[in-house]
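Participant: Model the structure of this input:
(one chain, ligands or ions: 3)
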Amino acid sequence: MNRYERIQQIAVTAAQMREIEGRIFAGGMPVAALMEKVAGLISQRVQSLFPLLLNPTPSPSPSNGEGRRDFSEFLVRVGVLVGPGHNGGDALVVARELHFRGYQVKIYRPFSKLKDLTAQHDLYAQSLGICYVEDIADLQDCDLIIDGLFGFGLEREIKDNLAETINGLNEWSKLVISIDLPSGLHTDTGEVLGTAIKANHTLCLGLWKLGLLQDQALEYVGKAELIDFDIPLADVTAILGEMPQIQRVTKGFIKEHLPLSRPAVTHKYKQGHLLLICGSRKYAGGAILTGLGARGSGVGMLSIAVPESLKSLLVSHLPEALIIGCEETESGAIASLPQAVDLGSYDAIACGPGITTEATTIVEEVLANNKPVILDADGLNILAQLGTISTLQNRQVTTVLTPHAGEFKRLFPDIENVQQNRVEAVKKAAELTGSIVLLKGARTAIGNASGKVWIIPESTPALARGGSGDVLTGLIGGLLAQGVAANINSLVERVVIAAWWHAQAGILAAKERTELGVDAFTLTQFLNPVLSGLL
Ligand SMILES: NC(=O)C1=CN([C@@H]2O[C@H](COP(=O)(O)OP(=O)(O)OC[C@H]3O[C@@H](n4cnc5c(N)ncnc54)[C@H](O)[C@@H]3O)[C@@H](O)[C@H]2O)[C@@H](O)CC1
Ligand SMILES: Nc1ncnc2c1ncn2[C@@H]1O[C@H](COP(=O)(O)OP(=O)(O)O)[C@@H](O)[C@H]1O
Ligand SMILES: [K+]
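Facilitator: Ligands and ions are numbered 1, 2, ... in the order given. I've put the predicted structure just below:
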């Protein structure tokens, strides 16, 4: 795996970053030299994002009213916010470099006590005659704000005057670039400590900070990118180990694990047999969408158990699937599976979308079987009623739970503050149950029993729409069944692939059809194009 891939797959806490940084300095890298290097890279990136252009705006000529091109230099006015620590030091170096390149720079430094290195850069910026402003309002005419107030060293809430300053600045709706992370965000959880800068771009330094991958940070982060400053991989490995416990899921990871080709000699049952148990008279569509998600996975054989009255509907949407009509309750939920159904004959079973909470015995039956099971939606609500941990404790085979935050709270009432630290929550839930837990959201996180967590770093709010979770359940089921048929030992990668694939399909669909054009059926149509794009 090349350096770029390795680095992109890592996410660190503030404490880990501090330790890695410590090793670099202990190795002999001077602190000042590193700051100069890092801030040089930031400054170059800022210049490529906001170049000093020849002004392309035609200015109207008073005589004939026709446009005339004005080729005078277009000044970019940059306001730089400087904090007391090394984040502020980075900002001062960026201010100096932009000043030399011809940008019109103004510095706002609301602190009198600075770390030594920061203080030195501050002195030099003053000696160069760069403009300092006392009042944040003096930055209101800037085209761009660079936020170097705090990085991963923020340790307490932002309060009083500084909080007011940040709140005021957020209201200007200016273009803001944050250095390392938006000032005010907790480096590990992404929680807002008092208040935080709302950035359009975040230039994260060296390694991805975990907080940038948590849902609650996203409103502040904007477009995030990593500025690689050549942290030696040996130093990363020394702190995080060869197999880091938290993994940011990249395209490279997917390519490594996704089975893109089939053996030349095979047959349908060797390519996985998935049983879906889903749907009710009330929720018929969920069964179709789950089926279409499974279809997208390429699974060899698909069987779908639905209430008898939905059978012909399912046949018409999924002609390749074997539809099993089940006896139903008065309200049209599955009452029982036909005697002829042998749960042990499938490679994996996905159960839950649309089954209603009447189908308790079905869920019990499914879990009593020793085949990998995916539970979603009402399958999860039933599990919560049965008692999540006690029910799953003795299961010897893979169970995958795919809750959104609401379902998660019902499943794990003792795990507090789920949304405040989703990565930690999913880790605990997976360890407690010995299951694979996938917590849905803007940054879906997947945990396994050994405490490892994978995060899907890109997605789209276009997916926040009824039925898109059903598609995911089918996709996971299909990939799992294929993995079991191929005798793959570790199934968690299959779940991770499904979550990444689902998100990418959403992104691709939103690109072609806008964020409002990604209904769940449309989403299923974009699963295959994601795959062809990988080849
Ligand atoms: N990790 C690395 O290898 C590198 C880090 N660099 C920069 O250094 C930053 C970390 O620097 P620091 O450790 O100095 O930390 P910060 O610059 O993030 O801030 C720490 C300073 O802020 C003060 N502080 C913390 N919370 C406060 C609050 N709520 N109100 C007021 N003051 C508060 C602290 O007392 C300390 O002086 C990174 O984010 C990055 O920008 C780069 O310069 C170079 C390389
Ligand atoms: N803001 C968002 N950004 C990205 N993905 C999202 C967002 N909101 C929801 N999703 C994704 O959409 C899907 C919704 O699933 P779920 O809540 O189960 O809906 P449903 O039950 O209606 O199918 C999940 O995969 C989730 O990760
Ligand atoms: K910052």
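
Participant: what's the closest non-adjacent residue to Ala91?
Facilitator: Spatial nearest neighbour of Ala91, excluding adjacent residues (Cβ to Cβ, 6 or more residues apart in numbering): Gly148 at 2.3 Å. (C-beta placed from N, C-alpha, C; glycine too.)

Participant: go on, Leu260?
Facilitator: Closest residue in space to Leu260, ignoring its immediate chain neighbours: Leu535 at 6.7 Å, by Cβ to Cβ, 6+ apart.

Participant: Next up, the contacts around the residue of the stretch 301-450 of the chain found nearest ligand 3.
Facilitator: Minimum separation of the stretch 301-450 of the chain from ligand 3 (Cβ to the ion) falls at Arg443, amounting to 20.1 Å. Contact analysis of Arg443 by Cβ atoms under 8 Å, 6 or more residues apart in numbering lists Leu213, Gln214, Asp215, Leu218, Arg422, Ile455, Ile456, Pro457, Ser459.

Participant: Let's see that with 7 Å instead.
Facilitator: When contacts are counted by Cβ atoms under 7 Å, 6 or more residues apart in numbering, Arg443 is found next to Leu213, Gln214, Asp215, Ile455, Ile456, Pro457, Ser459.

Participant: if I read this right, the last one contacts Ala442, doesn't it?
Facilitator: Yes: between Ser459 and Ala442 there is a contact under Cβ atoms under 7 Å: 5.9 Å.

Participant: any low-confidence regions in the stretch 351-500 of the chain?
Facilitator: Counting by pLDDT under 70, the stretch 351-500 of the chain contains no low-confidence range.

Participant: Show me where it has its strands.
Facilitator: Using DSSP state E, counting those that start in this stretch, the strands found in the stretch 351-500 of the chain span residues 373-375, 399-401, 436-439, 445-447, 453-455.

Participant: again, but for the stretch 201-350 of the chain
Facilitator: 201-205, 208-209, 223-227, 246-248, 273-277, 301-307, 322-328, 334-336, 348-351.

Participant: Need these in JSON lines (columns: mean neighbour count).
Facilitator: Converted to JSON lines, the strands of the stretch 201-350 of the chain look like this (neighbours: other Cβ atoms under 10 Å):
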{"stretch": "strand 201-205", "mean neighbour count": "23"}
{"stretch": "strand 208-209", "mean neighbour count": "26"}
{"stretch": "strand 223-227", "mean neighbour count": "16"}
{"stretch": "strand 246-248", "mean neighbour count": "21"}
{"stretch": "strand 273-277", "mean neighbour count": "29"}
{"stretch": "strand 301-307", "mean neighbour count": "24"}
{"stretch": "strand 322-328", "mean neighbour count": "18"}
{"stretch": "strand 334-336", "mean neighbour count": "20"}
{"stretch": "strand 348-351", "mean neighbour count": "30"}
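
Participant: In a strand, Lys106, correct?
Facilitator: Yes: per DSSP: H, G, I helix; E, B strand; the rest coil, Lys106 lies within a strand segment.

Participant: pLDDT value on the closest residue to it other than its chain neighbours, please?
Facilitator: Take Lys106 and drop its neighbours on the chain: the residue closest to it by Cβ to Cβ, 6+ apart is Cys131, 4.7 Å away. Looking at Cys131, its pLDDT is 98.

Participant: Next up, the contacts around Cys131.
Facilitator: Neighbours of Cys131 in contact, by Cβ under 7 Å, 6+ apart: Val105, Lys106, Ile107.

Participant: From these, list the ones also adjacent to ligand 2.
Facilitator: Among the contacts of Cys131, no residue sits close to ligand 2 (Cβ under 6 Å from any ligand atom).

Participant: and which of those is nearest to ligand 1?
Facilitator: Of all those, ligand 1 sits closest to Ile107, with 15.5 Å by Cβ to the nearest ligand atom.

Participant: Now do Ser532 against Ala505, distance only.
Facilitator: 12 Å (Cβ to Cβ, to the nearest Å).
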